[in-house]
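Q: just need the structure, nothing else, for what follows:
(one chain, ligands or ions: 2)
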Amino acid sequence: MKHDTSAGGDTGLVTAAFGRHYEVTTEFGTPLETRVKCVPRGKKSQYACGDEAVFSPSGEGQGVITGLAPRRNLLWRSDAFREKLIAANLDLIVIVVATEPGFSDLFISRCLIAAEHQRIDTLIVLNKADLSDRLDAARAQLQPFVALGHEVLELSALEDAEPLRPLLAGRRSILVGQSGMGKSTLINTLVPEAEAATREISEALDSGKHTTTFARLYALKTGGSIIDSPGMQAFGLAHVPLDELPACFPEFRPWLGHCRFRDCKHETEPGCALTAALERGDIHPRRFEHFRLIRSEIEYALGQRRGW
Ligand SMILES: Nc1nc2c(ncn2[C@@H]2O[C@H](COP(=O)(O)OP(=O)(O)OP(=O)(O)O)[C@@H](O)[C@H]2O)c(=O)[nH]1
Ligand SMILES: [Zn+2]
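A: Ligands and ions are numbered 1, 2, ... in the order given. Prediction:
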């Protein structure tokens, strides 16, 4: 990907990304804020919400993106065949789950791995805490993450999203979650003008849908900004290098490098320090399952790319 800022032109923040169309905002969060509809110059160029773009104006309120400032980090997903940028230059990934519909703990592990890999902080939000009969089951499902030291913030977006606000102040955050967890409800509470902005774009795109279909970045009154992203059912991590995956599970780190074989795959090899830790109960079986699953996906993707 090109990081060409030498081209000159105006700079702005990518505040919305829909297909090959981007909204770039100059003077973001100030009274001088201006929104420009942009397309990328190159066929293959891809940008994400949170990118600092260089663009050349091409008409009233329109422009062409010609370059990009270097990214601090990039959140993206990929499988054997495709990759999709989610957001760039993040301080915090807020993983939203809910008491209902049910959520996937594997999805949480995927988000945490993506965050570890790009060194981005995380926070787990358990939404719909008002549906109290489902609360204990959801807490039990989150227990392995709590045991790892992850903070879980319980709230009800419909009743009161305020407990989240101080954790977002001054940072650039993204809400990620499976569909239906309440991300849009949270955004609409935290950013009152979000609903109108979403409707406007949906009408412009003629999608007429009420679910989130594109990523959008909003300024927060407390300083900082927040990105709403489309609900994800799949969060592939095919781009994570196989040899970097184990260290993306922080609880594996004390044992890494202690296996008998240097190229241990932590499967059935004798003298594997990770499977020994698993057997002793020092690694949670769900997390080890997630590791195995994601590793096999990465292996599959590597095989596909080599044309096996
Ligand atoms: N009881 C209860 N319902 C909630 C709460 N938050 C959201 N909901 C409901 O859950 C449903 C889904 O909420 P959305 O905000 O659309 O979920 P989303 O995560 O944005 O879903 P996608 O747009 O598909 O990604 C809606 O019917 C909301 O009214 C909550 O705190 N309590
Ligand atoms: Zn091993």
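Q: quick one: contacts for the residue of the stretch 1-150 of the chain found nearest ligand 1?
A: Across the stretch 1-150 of the chain, the shortest distance to ligand 1 (Cβ to the nearest ligand atom) belongs to Lys128, at 3.8 Å. (Glycine included, C-beta is placed from N, CA and C.) Applying Cβ atoms under 8 Å, 6 or more residues apart in numbering, we find Lys128 in contact with 98-100, 134, 156-158, 182.
Q: can you rerun that using 7 Å?
A: 98-100, 156, 182 (Cβ atoms under 7 Å, 6 or more residues apart in numbering).
Q: from those residues, which are also near ligand 1?
A: Near ligand 1, judged by Cβ under 6 Å from any ligand atom, the entries from the contacts of Lys128 are 156, 182.
Q: next SSE downstream of the lowest-mean-pLDDT helix or strand in the chain?
A: Lowest on mean pLDDT, DSSP states H and E among the helices and strands of the chain sits helix 194-205, with a mean of 62. Counting by DSSP states H and E, the element after helix 194-205 in chain order, helix or strand, is strand 215-219.
Q: with just CA atoms, put that following strand into CSV.
A: Extracted in CSV, the C-alpha atoms of strand 215-219 (Å, rounded to 0.1, in the frame of the first residue of the first chain):
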residue,chain,number,x,y,z
ALA,A,215,-18.0,2.6,8.7
ARG,A,216,-18.3,6.2,10.0
LEU,A,217,-16.3,8.3,12.3
TYR,A,218,-17.9,10.8,14.7
ALA,A,219,-16.4,13.5,16.9
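Q: run me through the strand neighbours of that strand, direction for each.
A: Using DSSP bridges, the strands paired with strand 215-219 are strand 10-18 (antiparallel), strand 225-228 (antiparallel).
Q: so which of the ones you listed is the most surrounded?
A: Mean neighbour count, computed with mean count of other Cβ atoms under 10 Å, is highest for strand 225-228 among these, reaching a mean of 25.
Q: contacts for the host helix or strand of Asn188, please.
A: Counting by DSSP H and E, the element that carries Asn188 is helix 183-190. For helix 183-190, the external contacting residues (Cβ under 7 Å, 6+ apart) are 96, 127, 157-158, 161, 164-165, 175, 177, 194-195, 212, 218, 220, 226, 228, 231.
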